[in-house]
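Chemist: Below are the sequence and a predicted model; questions follow.
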Amino acid sequence: MSDDLTRRDLLQALAGGTLVAASTMLPITAVAQQFNRGSGRGPIADATGSRTPATLRGDQVVQPERALPVLHTTDVLVVGGGPAGTAAALAARRQGVEVTLVERYGHLGGLATGGLVLAIFPLYGSDRRQVILGIGEEMMRRLDTLKFGIIERNKAPEYPIVDAEAFKYVLASMVIEAGLKVFLNCWGVDAIIDSTGAVRGAVFESKSGRQAILAKVVVDASGDGDIYAAAGAAYTRVKDNIGLVSRIGNIDEIDMTGGDEHLAAASGQPVTPRRPTRGAPTMTLDGKVGSPTPAPHTNWLNMMGPVGDALDIAQMTEFELKHRIAIWNNVERVRAKAGNEQAFVLETAPQLGVRLSRLLHGVTVLTAEQARAQTKFEDAIGYSGSYAGQPEFQIPYRALVPQKVENLLAAGRCIATDFPLADTTRLIPVCWVTGEAAGVAASLCVTDRCTPRTVEVAKLTSILRAQGAYLG
Amino acid sequence: MRRGAWRRRARYGCLVVAVLLLAGAFPAWIPAASGARLVVETSPFVAIGAALARHTIGIGTVLGLLFTVPVLVRKRWYCHYVCPTGLLLDLAGRGRRPNAPRLWARWPVLGRPVALVTLAGALAGYPLLLWLDPLALFASPFAIPGDIAFASAAWVAISFGVIALACLLLGNLWCARLCPLGGLQDLLLSLRLLLWRMLCRGARASHDPLPAIAPRRALLIGGIGVALALLARRVGKNRSGTAPLRPPGAVAEDEFTGACVRCGNCASVCPTRIIEPDLGGAGIAGLLAPMLRFDELRYCREDCHACTVACPSGALTRLALPDKRRYVIGEALVDAERCLLILGRKECDACAQACPYRAIEMAWDETQYLAFPQIDYRRCNGCGACQVVCPTEEIKAIAVWPLLDEDRAGAAPRYLAPRDQEQVAGIPSGCLGGTVEHKA
């Protein structure tokens, strides 16, 4: 590309760079520095198509063996830019190693932004102390400084609600400031295994085609465990509810107390509930739907959704289409209620609300039984907050380490827990905890020339504490 | 003099034993629930009234009848040798000046018609005033919990306290005139003498005392008793879906308020303290009868059947633990306008997590496109665990409601099918863990 650079371009770039540097828009400057590649419009000289297309042999489609271009070589490769992946990449980078973060969508934050899972829950212990700190807390502190960034902070047991766009802004700023190598719109499709069976990178599909990224250690923060599954790690496939969250605009007229109760309280009469009927309740949608977000006049509306297989693309497609139709229809019914005439569908989440798909068979498999028993682990890397009568519980490092595969760590919802407990460990702040720990552990693999299995736990936990994580 | 000394010793002995049993002092030999039951069961009034009303003779009835036998020989034997209530009231009345005039000196012995009305009512399935039994009154203070709730204090004040106070001021009015157990003893002795005279015609006729109640008047009072009982049952029958939640084992609502003697045993043995006296909110017939209130993580535990064991009158059928789990207290119902899940406010499944019988799961309604807590009524016995953990405030989005009569073939109690009970066997006990305080 450098031969396209003319003197005029250079002067323009210098002048523009001075202007931008003079302004306080640091992230933009950094973006310009990282990604500036000139701007020559017109045909590209070396444009070539795939030379090894899949071929139909009889009724079999065969992909011929081919060498893949290596896009990039790095120390730590983090696959997935959701809450776990961003925390992992930032934590690893702070230890001074080269980190590459690859994300399937065009934004960072995963379900916390693209899935509109705006509730930062569970964050607190049963005594209402915040038990999840570290990088997640840093992200929330940045959100604190933004107008309409986050609400209900430090109001346990109420949990914070973030704004998805504010969170995307925060994450983009953080990865650029940290000097992370980031690739968006890249779908991790395969693991790269060396002759000893250890993971040495991953294969990605993107508009640039199929490319490889090589790394000394890989963190699978894909949520679905796509990389550890491809690498041959043992896991359990699970089905769970798959919904779609939406945001509804112009709905600040909502009487959240409930009309009848409000009237009764005003007249001093005790409220006598009506006897409900058995069976599926009739949703009245009388304007009490959803709950407030940082953005004014905006509610977010969760949908639990039917049970489905998140690895079945036909079912996922069906859900995504039907969920969007249902959201539109529901908001039409909300609009029919007096006072809500101006309500509208602000957005449906870009990402389906997949809860669980794969659960790793780790060196340790954390169980709901252990969480109930408040089991203490010598390799604890943090806590999950208290949830539905379950007090806060420790998460062991070895729940991130696969039983069989080397050079690979799991982080986020796909770590090694049993299905009942995964309902808690899949939640946003807990993904921060496992992500941060996986990132630090991966950096130790590089600096100490060890594998995830042989990481020195005492060193790992002391670094986590130094990074501000809460370990009890 | 000798007999007086024996009487005194026997009554003090009975008082001590009764207190120890009610306080559950020998948990290893006699569990608190069984002990409390035994104390009230010694009353012939309770035994006969309950047996007539329930058409059953149990161990409790036999115990009560054993204590009835001497009554047929000696006038008011139970009062003189056993009754701990009488002893306490005697002591209370002693504080008064001995020669002060007695307001009630010319009153008739009201206990006799009270006993008669009650037993006549019992024949119609509703022993009207069985709750005036002195042993039930004696037991009721033991229902006061450590943290004295207003309602429980009122329970005692209205029953035992008022009578003790009256005796303190007026002398032992209760034993002499009002006690239905005393009245019953008079009636039974009178009846025995009547039968005796019929069998040995003419013998010692001149020495016969006057009958406790003149036969014609007795018939009239009996008739009134039956009529009132039928009326009370009719009122109770019309309560479908609105009666308070009764403790497990409760007989049909139209019989329950009559059969219950208000002794408070069920409340005093309940480890979670969910049994409270009904302070008239559900009508005068149910005044002070036990009702359930689920509150602050207190629900009807799946590992407890103490109240059904403690009930002396059969108002709560005695149930083994597996059967108590099958007894349907009420049904959990979901209020769509309050459920956080249905409203899309919070992904909440607290009720399903808490349910000890695994009767709740989050279901998906395809037509309305919403998730909701679906309750399996083959498993739900209305224990209230879901209600107490529901994070909604004041009015809970999921709550236990009394059964509608159409859901249980009239007013009869309903039990879950044993087949469905098997499905929930092996449940870990105390699903809400250490949050429930057991009474020591």
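Modeler: Arrived safely. Just so you know, these numbers come straight off a predicted model, no measurement behind them.

Chemist: Please enumerate the strands of the stretch 151-300 of chain A.
Modeler: A:161-162, A:181-183, A:187-193, A:199-206, A:209-220, A:235-237, A:240-243, A:246-249, A:291-292, A:298-301 (DSSP state E, counting those that start in this stretch).

Chemist: So for the residue of the stretch 1-150 of chain A found nearest chain B, what pLDDT did the model give?
Modeler: Ranking the residues of the stretch 1-150 of chain A by distance to chain B (C-beta to the nearest C-beta) places residue A:119 first, at 7.7 Å. Where C-beta positions appear, they are placed from N, C-alpha and C, glycine not excepted. Predicted confidence (pLDDT) at residue A:119: the value is 93.

Chemist: same thing with the one 5 residues further on?
Modeler: pLDDT for residue A:124: 95.

Chemist: ok, it - contacts?
Modeler: A:130-131, A:156-157, A:159, A:385-386, A:392 (C-beta atoms under 8 Å, 6 or more residues apart in numbering or on different chains).

Chemist: And the closest residue to it other than its chain neighbours, its phi and psi?
Modeler: In space, residue A:124 comes closest to residue A:156 once its chain neighbours are excluded; the distance is 4.2 Å by C-beta to C-beta, 6 or more residues apart in numbering or on different chains. Residue A:156 adopts backbone torsions of phi -50, psi 140, taken as degrees, to the nearest 10.

Chemist: neighbour-wise, which of the contacts of residue A:124 leads?
Modeler: Ranked by neighbour count (other C-beta atoms under 10 Å in any protein chain shown), those have residue A:385 at the top, with 27 neighbours.

Chemist: pLDDT score assigned to the nearest residue to residue A:323 once chain neighbours are set aside?
Modeler: In this structure, residue A:323 finds its nearest non-sequential neighbour in residue A:244, 3.7 Å apart by C-beta to C-beta, 6+ apart. Confidence at residue A:244, expressed as pLDDT, is 95.

Chemist: Near chain A, which residues of the stretch 201-350 of chain B are found?
Modeler: B:241, B:331, B:333-339, B:341-350 (C-beta under 8 Å from any C-beta of the partner chain).

Chemist: Buried ones among these?
Modeler: For those, a neighbour count by 16 or more other C-beta atoms under 10 Å in any protein chain shown gives the buried set as B:331, B:333-339, B:341-350.

Chemist: Do I have it right that the residue nearest to residue A:124 meets residue A:128?
Modeler: Yes - assessed by C-beta atoms under 8 Å, residue A:156 is found in contact with residue A:128 at 3.9 Å.

Chemist: Now do the shared contacts for these two.
Modeler: By C-beta under 8 Å, 6+ apart, residue A:156 and residue A:128 have no common neighbours.

Chemist: any idea of the pLDDT on the residue of the stretch 151-300 of chain A found nearest chain B?
Modeler: Distance from chain B to each residue of the stretch 151-300 of chain A (C-beta to the nearest C-beta) is smallest for residue A:281, at 3.2 Å. Residue A:281 carries a pLDDT value of 71.

Chemist: Please name the residues that touch it.
Modeler: Shown in contact with residue A:281 (C-beta under 8 Å, 6+ apart): B:334-336, B:339, B:342, B:372.

Chemist: which residues does the residue in the stretch 101-250 of chain B that chain A sits nearest to contact?
Modeler: Distances between the stretch 101-250 of chain B and chain A by C-beta to the nearest C-beta are smallest at residue B:241, namely 6.7 Å. Counting by C-beta under 8 Å, 6+ apart, residue B:241 touches A:275, B:401-405.

Chemist: Redo these as TSV? Include neighbour count and distance to residue A:396.
Modeler: Shown next, in TSV, are those (neighbours: other C-beta atoms under 10 Å in any protein chain shown; distance: C-beta to C-beta, whole Å):
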residue	neighbour count	distance to residue A:396
A:275	13	48
B:401	17	44
B:402	22	48
B:403	23	47
B:404	13	51
B:405	17	55
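
Chemist: quick one on the thing from earlier: just say helix, strand or coil for the residue of the stretch 101-250 of chain B closest to chain A.
Modeler: coil (DSSP: H, G, I helix; E, B strand; the rest coil).

Chemist: returning to what we had before: need phi/psi at the residue of the stretch 1-150 of chain A closest to chain B.
Modeler: Per-residue torsions, residue A:119: phi -80, psi 120 (degrees, to the nearest 10).

Chemist: re earlier: so which of the contacts of residue B:241 are in strands?
Modeler: residue B:401 (DSSP state E).

Chemist: Out of the contacts of residue B:241, which is nearest to residue A:467?
Modeler: Among these, residue B:401 lies closest to residue A:467 (C-beta to C-beta), at 52.0 Å.

Chemist: so where is the stretch 1-150 of chain B shaky, pLDDT-wise?
Modeler: For the stretch 1-150 of chain B, the stretches with pLDDT under 70 are B:1-2, B:95-102, B:144-150.

Chemist: so where do the helices sit in it?
Modeler: Secondary structure of the stretch 1-150 of chain B by DSSP state H, counting those that start in this stretch: the helices cover B:2-22, B:32-41, B:44-54, B:59-68, B:77-81, B:84-93, B:111-123, B:134-139, B:150-156.

Chemist: So for chain A, which of these sits nearest?
Modeler: Comparing those under C-beta to the nearest C-beta, the one sitting nearest is helix B:150-156, at 16.5 Å.

Chemist: Does anything pack onto the helix or strand that the closest one is followed by? Which helices or strands?
Modeler: Following helix B:150-156 in sequence order, the next helix or strand is helix B:162-170 (DSSP states H and E). Helix B:162-170 sits against helix B:84-93, with contacts defined as 3 or more C-beta pairs under 8 Å, 6 or more residues apart in numbering or on different chains; DSSP states H and E.

Chemist: Next, the residues that contact the helix it packs on from outside, please.
Modeler: B:11-12, B:14-15, B:18-19, B:79, B:134-135, B:137-138, B:163-164, B:167-168, B:170-172, B:174-175, B:179.

Chemist: Name the residues of it that are buried.
Modeler: Neighbour-count burial for helix B:84-93 [16+ other C-beta under 10 Å]: B:84-90, B:92-93.
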